[in-house]
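> I would like the atomic coordinates for the input below:
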Amino acid sequence: MGSEGLIEKYINPYTDFGFKKLFGTELNKDLLISFLNSLLPDGQVIKDVTYLNAEQLGTLEVDRRAVFDVYCENEQGEKFLVEMQKGEQQFFKDRSLFYTTFPIREQAIKGKSWNYELKAVYTVGILNFAFDNGSDDYFHHEVKLVDMGTQEVFYDKLTLIYLEMPKFNKTEYELENMFDKWMFVLRNLSRLMERPAALQERIFTRLFEAAEIARFNRKELIEYEDSLKNFRDWYSVMETSLNKGRAEGLAEGIEKGRAEGIEKGRAEGIEKGRVEGILEIAHNMKSRSVSLQVIQEITGLSLEEIEKL
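Residues are numbered from 1 along each chain as shown. Coordinates of the predicted model:
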């Protein structure tokens, strides 16, 4: 098997294989370090990271399991969760906060006294969707605990960073700093046929070498093609179900709107269609023997709701 069937020159970082190939391997950890440094404030620099177990278990058997795309710590022991989110989920923010509790709780020192001092925790979400429709230009969210009265940061050791990739539309000629360049690469990598002139830093030489499909060995190529197929299947199912849900919801909303007011009925119908679309996605994935955990992560449904389908 060769790469002749693939028209792209570089891997799609939105696939599981692509993302972990670039950011989740010891061989390419300099890419992860550069990306994280582009997100941190000036003067705060990561020199090295250590990869941690990406699968964390709760303290009790009944606790839910958390699986991170990339989980690491820097030389100061600060924790970083980095995830690529392919699609919007019903309880995305809840899920993100739930995952953030694991690197906090695991810092507890068991078996001896502990004064509760914590190392900083960062959650980084690279989102292939927009969750904030208030502004087309506001795509870099940095969230902290804030005192609402003083508007000052109450606790500076917890930071959640969300990058809404569809909103980043800068061209190669508009890139101003390393953050812009990393955003451009993640947004456009699989569409590029050559390395842009604006990306001349040594780190991007490493990135384009690691991402070039022609360099893959047979095992890597098979794994990538499987991951790409899963991504395309997931995207097709998501689009089909959501479009169907929107159409059915819109029709029902318009009909109901004749009696209760067009605008109110339209909104209710579209919302119902969205919910039905999510349920249909879960049903389709379950019928294809996709694991309950994967279905839960993609749709945001509970295990009980999935099992009832």
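> Which residue, other than its chain neighbours, is closest to residue 86?
Nearest residue to residue 86 in three dimensions, chain neighbours excluded: residue 128, at 5.1 Å (CB to CB, 6 or more residues apart in numbering). To be clear about C-beta, it is placed using only N, CA and C from the backbone, and glycine gets the same treatment.
> just residue 85 next, same as before
Spatially, and ignoring its direct neighbours in sequence, residue 85 is nearest to residue 127 (4.8 Å; CB to CB, 6+ apart).
> who touches the one you found in this structure?
Shown in contact with residue 127 (CB atoms under 8 Å, 6 or more residues apart in numbering): 85, 162, 163, 164, 165.
> what do you get for residue 224?
By CB under 8 Å, 6+ apart, the contact list for residue 224 reads 11, 15, 17, 18, 21, 213, 216.
> likewise residue 14?
Contacts for residue 14 (CB under 8 Å, 6+ apart) come out as 84, 86, 128, 190, 231.
> for the nearest residue in space to the fourth one that is not next to it in sequence, what are its contacts?
Spelled out, that is residue 190. Distance criterion CB to CB, 6+ apart; nearest residue to residue 190, sequence neighbours excluded, is residue 12 at 4.0 Å. For residue 12, the contact set (CB under 8 Å, 6+ apart) comprises 18, 189, 190, 228, 231.
> The second one: neighbouring residues, count only.
Around residue 189 sit 20 other residues, with neighbours defined as other CB atoms under 10 Å.
> Would you mind confirming that it makes contact with residue 10?
Yes - at 5.1 Å, residue 189 and residue 10 qualify as touching, with contact defined as CB atoms under 8 Å.
> Spit out the residues that contact those two alike.
residue 211.
> quick one, strands of the stretch 151-300 of the chain?
Per DSSP state E, counting those that start in this stretch, the stretch 151-300 of the chain carries strands over the ranges 152-164.
> pLDDT below threshold where in it?
Scanning the stretch 151-300 of the chain for pLDDT under 70 picks out the ranges 233-275, 277, 282, 285, 288-299.
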